[in-house]
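Asks: A structural model of the following input is requested.
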Amino acid sequence: MPSTARSGPLSALARGRRFRALALFVSNLLPLAGVVALGWNAAALMTLYWFELGIASLWALVRALFAGRPSEIERTALIAGPLASRRAALSVPRTGVQIRLSSLLVLPVIAPILCAVWLFVGGLTVGVVADGGLSPDALDTVTLAVLAVFVGEGATTLAEYFAGGEYRDHSAQTAVRGVFVHAGAVFFAALFTVALVGAATLDGDAPISALDPGAVGLPLLLGVIGLKAAVDLAGLYRDRLDAFDESQALDLGFSYDPPTTDSVHSSLDGPVDAVRLPRRSRFAGALATVSVHPGLWWLAAVPAFVAALFAIGGDWTTVTVLSVVAVAVPLSLAAVDHELRHGLVAYRAGDDALVARDRLFGATLWRVESWDETGLRVERTWLDRRLGTETVVIELRDEEHRVPGLSDPDTVLAVFDRRADRPDD
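Replies: This is a model prediction of the structure:
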């Protein structure tokens, strides 16, 4: 991993758009040279564009892995929500970059999507236009061009993203946005090319295998290259779209800003009381989570169905094992979510604020000042009534925090001047 210092020729080159513009110039010059000087046909051109998309996706995943800002994950998401709220990160030695826990949660979703997009575009491009394969000469030159594109994209990532400090402004989600623009460029270029090849070679009911990539002349191939270059140029000046979005009342989505890396202030005034969930609340919390996420029971459908099949055959040992699995899997996931969300959290109550501190990584999750709440109430859920506990709900302007399963909520309520609304029963 390169150093992220902002000095030296690499950082100087990374400032502005110079390195990216140079890389885009080279990536568009290669197909131009191949078509004009080396006699590439539509098959060779689409093969290069397809591999170029795969290379861009690969380096996008690298950028997503080392993104400097947390990814935005819905707080209510099962397990991923409480994990992402911790904002834990693993520092890479001798560099300023980190691997954030939230990025690791997003990558298993992003990677299959990029892979599916790449395969879909490949089926439309190489799978149709280059169905008959490439000539040996074209295959050699396309391979060299692919290697050049890989090196250029890698150099751009190292120079701009890491050495230039661009990673500090991205989350894993925003680090891969450009790939979808790239995929769109290749997709439309492929559609245009397939339409041209089909119009030039297919007559009547001729099968798609009768396509002749060599039937498209040089002017039309240059038009495809120009279309691809125009979309690349628009992506290069994406920041202008961001500035336009920010200056207008319209929300076009270009100026999305990922969550910051600012830590939550944890110091408290006066005597501090620590509040934790009692053991009975932590043990029974999975039941409350299952009621909030009833979709967990869908995980029990497969083992329950298989158990029913074995029940027809009278294999009751297997039926018992599968029935236990059908119940244990959703309850186990619910228990992990509740433990991460509430069980492994210590609530520290001071004179001026209430702070939720994670006992797993030692980080402060959230802080509510004694004057900042807009509502305060005590609830008794069905689980609270059976456990003899209560749940404190702290309402803010745009969110709320729940502290469930407390034996005595007065310590938490004493932080705030507002009198809490209590249930009638």
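Asks: low-confidence ranges, the stretch 251-400 of the chain, go.
Replies: Residue ranges of the stretch 251-400 of the chain with pLDDT under 70: 251-256.
Asks: again, only this time at 50
Replies: The stretch 251-400 of the chain contains residues with pLDDT under 50 at 251-255.
Asks: strands of that one, start to end?
Replies: For the stretch 251-400 of the chain, strands defined by DSSP state E, counting those that start in this stretch occupy the ranges 273-275, 345-349, 353-358, 364-369, 375-379, 390-395, 400-406.
Asks: of those, which is nearest Gly295?
Replies: strand 400-406 (20.0 Å; CB to CB). Backbone N, C-alpha and C define where each C-beta goes, glycine included.
Asks: ok so, going back, now render the strands of the stretch 251-400 of the chain as a markdown table, adding mean neighbour count and distance to Ala43.
Replies: Putting these into a markdown table (neighbours: other CB atoms under 10 Å; distance: least, CB to CB, whole Å) gives the following:
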| stretch | mean neighbour count | distance to Ala43 |
| --- | --- | --- |
| strand 273-275 | 15 | 68 |
| strand 345-349 | 20 | 58 |
| strand 353-358 | 21 | 55 |
| strand 364-369 | 17 | 55 |
| strand 375-379 | 16 | 65 |
| strand 390-395 | 21 | 62 |
| strand 400-406 | 20 | 58 |
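Asks: closest one to Leu124 among these?
Replies: Ranked by CB to CB, the member of the strands of the stretch 251-400 of the chain that lies closest to Leu124 is strand 364-369, at 45.8 Å.
Asks: what's in contact with that closest one?
Replies: 85-86, 263-266, 345, 352-358, 394, 396, 401, 415 (CB atoms under 8 Å, 6 or more residues apart in numbering).
Asks: between it and strand 353-358, how many degrees?
Replies: 170 degrees (axes from the mean of the first three to the mean of the last three CA atoms, to 10 degrees).
Asks: who does strand 364-369 pair up with?
Replies: strand 353-358 (antiparallel) (DSSP bridges).
Asks: neighbouring contacts of the strand it pairs with?
Replies: Contacts for strand 353-358 (CB under 8 Å, 6+ apart): 86, 264, 266, 268, 344-348, 363-370, 394, 401, 403, 412, 415-416.
Asks: tell me how far stretch 373-387 lies from the chain's centre.
Replies: 34 Å (CA atoms, centre = their mean, to the nearest Å).
Asks: and that stretch, end to end?
Replies: Here the two ends of stretch 373-387 are set 27 Å apart, with distance taken as CA to CA, to the nearest Å.
Asks: make residue 1 into 47 and carry on from there
Replies: Noted, 47 is the first residue going forward, which turns the last one into stretch 419-433.
Asks: the spatially closest residue to Asp467 that is not a sequence neighbour bridge partners, please.
Replies: Closest residue in space to Asp467, ignoring its immediate chain neighbours: Arg423 at 4.0 Å, by CB to CB, 6 or more residues apart in numbering. Beta bridges link Arg423 to Val439, Asp467, judged by DSSP bridges.
Asks: what does stretch 423-439 contact?
Replies: Outside stretch 423-439, the residues that reach it (CB under 8 Å, 6+ apart) are 324, 326-327, 330-331, 333-334, 421-422, 441, 446-453, 455, 458-459, 466-469, 471.
Asks: any idea how far Arg223 is from Arg387?
Replies: From Arg387 across to Arg223, the span is 30 Å (CB to CB, to the nearest Å).
Asks: so which of these two has more stuff around it?
Replies: Arg387 (22 against 16; other CB atoms under 10 Å).
Asks: give me the element the residue lying closest to that one once chain neighbours are set aside is part of.
Replies: Using CB to CB, 6+ apart and skipping the chain neighbours, the partner closest in space to Arg387 is Pro128 (4.1 Å). Using DSSP states H and E, Pro128 maps to helix 126-130.
Asks: what's that helix packed up against?
Replies: helix 147-170 (3 or more CB pairs under 8 Å, 6 or more residues apart in numbering; DSSP states H and E).
Asks: next SSE after the helix it packs on?
Replies: helix 182-202.
Asks: next one: that next one to chain centre, how far?
Replies: With CA atoms, centre = their mean, you get 29 Å for helix 182-202.
Asks: for stretch 217-228, could you pull out the residues that count as buried?
Replies: For stretch 217-228, burial by neighbour count (16 or more other CB atoms under 10 Å) applies to 217-225, 228.
Asks: what's the answer for stretch 153-161, then?
Replies: In stretch 153-161, counting by 16+ other CB under 10 Å, buried: 153, 156-157, 160.
Asks: over to stretch 329-347?
Replies: So for stretch 329-347, counting by 16+ other CB under 10 Å, buried means 329-336, 339, 342, 346.
Asks: adding distance to Gly359, write these out as JSON lines.
Replies: Shown next, in JSON lines, are the buried residues of stretch 329-347 (distance: CB to CB, whole Å):
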{"residue": "Phe329", "distance to Gly359": "36"}
{"residue": "Ala330", "distance to Gly359": "36"}
{"residue": "Gly331", "distance to Gly359": "38"}
{"residue": "Ala332", "distance to Gly359": "32"}
{"residue": "Leu333", "distance to Gly359": "33"}
{"residue": "Ala334", "distance to Gly359": "37"}
{"residue": "Thr335", "distance to Gly359": "35"}
{"residue": "Val336", "distance to Gly359": "30"}
{"residue": "His339", "distance to Gly359": "33"}
{"residue": "Leu342", "distance to Gly359": "28"}
{"residue": "Ala346", "distance to Gly359": "20"}
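Asks: just these: which are in helices?
Replies: Among the buried residues of stretch 329-347, the residues falling in helices (DSSP state H) are 329-336.
Asks: next, give me the two most distant ones among those.
Replies: Phe329 and Val336, at 13.9 Å, using CB to CB across those.
Asks: and which of the buried residues of stretch 329-347 is nearest Phe65?
Replies: Using CB to CB, the buried residues of stretch 329-347 come closest to Phe65 at His339, 45.8 Å.
Asks: what secondary structure does the residue nearest to that closest one when sequence neighbours are not counted sit in?
Replies: Among residues not flanking His339 along the chain, Leu124 sits closest, at 5.5 Å (CB to CB, 6+ apart). With DSSP: H, G, I helix; E, B strand; the rest coil as the basis, Leu124 sits in coil.
Asks: for the buried residues of stretch 153-161, give me CSV that also has pLDDT.
Replies: Below are the buried residues of stretch 153-161 laid out as CSV (pLDDT from 0 to 100):
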residue, pLDDT
Leu153, 94
Ile156, 92
Ala157, 94
Leu160, 91
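Asks: mind putting these into JSON lines with distance to Thr203?
Replies: JSON lines is the format used below for the buried residues of stretch 153-161 (distance: CB to CB, whole Å):
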{"residue": "Leu153", "distance to Thr203": "16"}
{"residue": "Ile156", "distance to Thr203": "16"}
{"residue": "Ala157", "distance to Thr203": "17"}
{"residue": "Leu160", "distance to Thr203": "15"}
